[in-house]
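> have a look at this prediction, sequence included:
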Amino acid sequence: MRLEQLRMQGLRCITDADVELDPAINLFVGANGAGKTSILEAAFLLSHARSFRSGAREALLSRGAARLSVFAEVRHADDRVCRVGLGRSGIRWEARVEGVNVAIGQLVRECAVVCFEPGSHALIAGAAEERRRFLDWGVFHVEHDFLSHWRRHQRALKQRNSLLRSPSMPADELFEPWEAELALSGAHIDRQRQAYLDLLRPKLRASVTGLLPELGELDLRYRRGWSDDQDLTQQLRAQRGRDRARGHTTAGAHRADWSIAFEHAPLREHLSRGQEKLTALACLLAQAELYAEHRGEWPIVCLDDLASELDQAHQGAVVAQLVAAGAQVLLTGTEMPQALTNVPSRVFHVEQGQVTRLL
Ligand SMILES: Nc1ncnc2c1ncn2[C@@H]1O[C@H](COP(=O)(O)OP(=O)(O)OP(=O)(O)O)[C@@H](O)[C@H]1O
């Protein structure tokens, strides 16, 4: 899959930019604050309907602008071209595919982007939410009914949490249907997440061996979010009092997490910041490869500020791997990275939100 055209309006410092992209390597160079990362955010937005940077999606809207819109032409491996867009006008976000308003879920099925950026080490060292998002994005693209189970789960969770927060303890009958729903949808989600991680594990091992051979064998562990010894319905019933004191549901698929341990670095704290970043990169590349295996095409790969994130040997290895796989890559840097000096690439200069093609 590749982006042929990417148009951004009212996105951070970009008033209006229209970029025709190369099927292989695209490099965006410019000074700090020029708007390079915002271009990657635009691509990511079409794939995830959010930014990879922390903060509200609203912060993407240019200060003083009434409207934000991102539009792309996506060419798939079977040569089908799909026009997708996401925009915000007033207080509403609208997703479009072929000019027709669609649910966000339909938009993000059409465009798949993975992004490695300076905050990516949070996948290894940050909160569980980051890892769940990563996992669920992968499962979503492999299992077609994942989103419906996930939505049912979110709805039941919201209902149970609002019961927990009511001024007096509601009757058991009010909890029971939502707890049954949490258990049922949670079991589906759990099965699909476990199956996905089983597929990801060998790819991740290969990817990590390439990037971090010194750390030895990798172990990928999964926690489903509730005790293995007890059925979730029973557990939720037993925990009502405790959950009420905490104000939220403390067991279920929304508490799942996964972690990585290495033979020579069994604790996360044993990893240097650079090793955390490389592990996160290995996860993203393994996920992209698994996507390609299932969908017959690579997702688009964004690498933000690669030269400041990785040493030259790792930059070269990653770019070579992606070129060999035939992935479209969007990279940013304050200058041309050494790793790209001999790789044919389309180069754009970015300055104050204006994008100009150089090579
Ligand atoms: N909502 C907004 N409206 C207008 N400008 C914004 C908004 N949010 C951020 N900016 C500005 O847009 C620019 C965003 O730059 P971006 O992070 O894309 O730059 P960059 O070229 O990747 O920089 P760096 O090399 O420093 O990472 C910054 O100058 C920032 O101050």
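Arrived safely.
> how much space between the residue nearest to Gly225 when sequence neighbours are not counted and Arg165?
Excluding the flanking residues, the one nearest Gly225 by C-beta to C-beta, 6 or more residues apart in numbering is Arg255, at 3.5 Å. Backbone N, C-alpha and C define where each C-beta goes, glycine included. As judged by C-beta to C-beta, to the nearest Å, Arg255 and Arg165 stand 18 Å apart.
> which one of these two has more residues nearby?
Shown here are Arg255 and Arg165; by other C-beta atoms under 10 Å, Arg255 has more neighbours (15 against 10).
> can you give me the strands in the stretch 1-150 of the chain?
In the stretch 1-150 of the chain, the strands defined using DSSP state E, counting those that start in this stretch lie at 2-11, 14-20, 25-29, 67-75, 81-89, 92-97, 100-102, 113-116.
> which parts of this structure sit against the ligand?
Within the chain, the positions near the ligand by C-beta under 6 Å from any ligand atom are 12-13, 30, 32-38, 59, 61-63, 305, 332, 334.
> relative to the ligand, how far out is the residue lying closest to Val81 once chain neighbours are set aside?
Take Val81 and drop its neighbours on the chain: the residue closest to it by C-beta to C-beta, 6+ apart is Arg75, 5.2 Å away. Distance, Arg75 to the ligand, using C-beta to the nearest ligand atom, to the nearest Å: 25 Å.
> cool, and Arg80?
From Arg80 across to the ligand, the span is 31 Å (C-beta to the nearest ligand atom).
> okay, that residue: pLDDT?
Note on Arg80: pLDDT of 95.
> now it: phi and psi?
Phi and psi for Arg80, reported as degrees, to the nearest 10, are phi -70, psi 140.
> could you report the neighbour count for it?
For Arg80, the tally of surrounding residues (other C-beta under 10 Å) stands at 10.
> same deal with the one 3 residues further on?
Applying the criterion other C-beta under 10 Å, we find 15 residues in the vicinity of Arg83.
> my read: it touches Ala72, true?
Yes. Using C-beta atoms under 8 Å, Arg83 makes contact with Ala72 at a distance of 7.5 Å.
> which residues touch Arg67?
Gln9, Gly10, Leu61, Gly87, Arg88, Ser89 (C-beta atoms under 8 Å, 6 or more residues apart in numbering).
> thinking again about what came up before, sitting in helices, which of the residues of the chain next to the ligand do you find?
If you go by DSSP state H, the residues of the chain next to the ligand have Lys36, Thr37, Ser38 in helices.
> can you show me the helices along the stretch 201-350 of the chain?
232-238, 240-246, 273-295, 306-309, 312-325 (DSSP state H, counting those that start in this stretch).
> and the longest one, how far from the chain's centre?
So that's helix 273-295. Relative to its chain's centre, helix 273-295 lies at 11 Å (C-alpha atoms, centre = their mean, to the nearest Å).
> shaky segments in the stretch 151-300 of the chain?
The model of the stretch 151-300 of the chain has no residue with pLDDT under 70.
> strands along that one, start to end?
Taking DSSP E, counting those that start in this stretch as the test, the strands found in the stretch 151-300 of the chain are 218-223, 257-262, 300-303.
> could I get those in JSON lines, plus columns for distance to His248 and mean neighbour count?
Formatted as JSON lines, the strands of the stretch 151-300 of the chain follow (distance: least, C-beta to C-beta, whole Å; neighbours: other C-beta atoms under 10 Å):
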{"stretch": "strand 218-223", "distance to His248": "18", "mean neighbour count": "15"}
{"stretch": "strand 257-262", "distance to His248": "16", "mean neighbour count": "18"}
{"stretch": "strand 300-303", "distance to His248": "34", "mean neighbour count": "27"}
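> so who does the most centrally placed residue in the chain touch?
The centre of the chain sits closest to Phe134, judged by C-alpha atoms, centre = their mean, with a distance of 5.1 Å. Applying C-beta under 8 Å, 6+ apart, we find Phe134 in contact with Leu123, Cys283, Gln287.
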